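Asker: next come a sequence and a model predicted from it.
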Amino acid sequence: MDTSTLFSQIFNTVFPLASIVLVAFFYARVRPTDMTVANRLNISVFCPALIFSVMASKEFHIAQYVDLILAATAVVLGSGLLVWPLCRWLKISPKTLVPPMMFNNSGNLGIPLIVLAFGESALPIAVVLFLTENVLHFTVGMYLLNPKSNLLNVLKMPMIIATILGLIWSLQGWTVIPAIKVSVDMMGQIAIPLMLFALGVRMTNVDFSEWKLGVLSGFLCPLSGLIIAVLWYYLVGMSAENFAYLLIFACLPPAILNYMVAELYQQEPHKVASIVLISNLMSVGIVPCVLFYVL
């Protein structure tokens, strides 16, 4: 692939994402927008529909993705282990810094990025990576912030229920009634653009009071993930194609959910807000660099 074609592909991958985020950002600046209901619908209805739609399709076979699931798990957990010792040097609580470095934006940014970079055929892979990160966030992540958390509550989450149903459907080889499949597919198609729009609205609340920590985290998050991804590739091994997906996953900025959880547990939410939002802004420059290598 020549340089001009490569730059064109990177631009065609990043611009649609950035444009939706920017439209949402400027709209919310002019007309302050409360995304609470929309986000709740996305988490409770549209994302579960997307997950079930992908996993219940005839083309989805979970066994194909075991290597990628293990590698993504290693990236999430390994990032936390790499960053943890730095907390004392940075004079910041591990509960504040470590979760955002572990749990990345594999939903709002990861799914559309992978689909645009590799095509619609990569949607199942993007969803599997998103589910891996999400399950770890609601188990390991919650335990890090509150060791007394009831992890059984995870089973009540719509996305987890959709995952279990989709997995059963896939393993049994069942087919969804066409009329129902169309309805579920249409609801699932709402999820990705709504994720991006919500991210743009959230950017209007960027907190620059902890900008130094935010900028440092903007480099630390992708760097820690990429280090673990490369180590996994050379020590454990995986196909070149899966390694490309893993690198994209590893370089993603922290998930917005980190801020919501920090606010829930009152774990220095103003610092976590700076970490999350500034890191997401910086990803506009970092992600294309990784795409340049991958593509």
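Answerer: Received, thanks.

Asker: ok, which stretches of the stretch 51-200 of the chain are helices?
Answerer: Along the stretch 51-200 of the chain, counting by DSSP state H, counting those that start in this stretch, helices occupy 66-83, 86-90, 94-102, 111-118, 123-136, 142-145, 158-172, 178-202.

Asker: state which helix of this protein is the longest.
Answerer: Among the segments of the chain that qualify as a helix by DSSP state H, the longest is helix 3-30.

Asker: counting contacts, what elements does whichever helix or strand comes after that one pack onto?
Answerer: Counting by DSSP states H and E, the element after helix 3-30 in chain order, helix or strand, is helix 36-41. The contact analysis (3 or more CB pairs under 8 Å, 6 or more residues apart in numbering; DSSP states H and E) places helix 36-41 against helix 178-202. To be clear about C-beta, it is placed using only N, CA and C from the backbone, and glycine gets the same treatment.

Asker: quick one: residues in contact with the helix it packs on.
Answerer: The contact list for helix 178-202, computed with CB atoms under 8 Å, 6 or more residues apart in numbering, reads 17, 20-25, 27-28, 33, 35, 38-39, 42, 45-47, 49-54, 56, 105, 107-109, 111-112, 115, 176, 256, 277, 280.

Asker: what angle separates that helix from helix 123-136?
Answerer: Angle of helix 178-202 versus helix 123-136, following axes from the mean of the first three to the mean of the last three CA atoms, to 10 degrees, is 60 degrees.

Asker: how about residues contacting the following helix or strand past helix 178-202?
Answerer: Using DSSP H and E, the helix or strand that follows helix 178-202 in sequence is helix 211-235. For helix 211-235, the surrounding residues in contact (CB under 8 Å, 6+ apart) are 71, 74-75, 78-79, 82-83, 86, 90, 92, 97, 100-101, 104, 208, 238, 243, 246-247, 249-254, 271, 274-275, 277-279, 281-283, 286, 290.

Asker: change it to 6 Å
Answerer: 71, 74-75, 78-79, 82-83, 101, 243, 246-247, 250-251, 253-254, 274-275, 278-279, 282, 286 (CB atoms under 6 Å, 6 or more residues apart in numbering).

Asker: run the angle between it and helix 94-102 for me.
Answerer: If you take the same axes, to 10 degrees, helix 211-235 sits at 60 degrees to helix 94-102.

Asker: and helix 211-235, which residues are buried?
Answerer: Neighbour counts using 16 or more other CB atoms under 10 Å place 213-218, 220-226, 228-229, 232-233 of helix 211-235 among the buried residues.

Asker: give me the mean pLDDT for it.
Answerer: What helix 211-235 shows for mean pLDDT is 95.

Asker: pLDDT on whichever helix or strand comes after it, on average?
Answerer: Where DSSP H and E defines the elements, the next helix or strand beyond helix 211-235 is helix 240-250. The pLDDT scores in helix 240-250 average 96.
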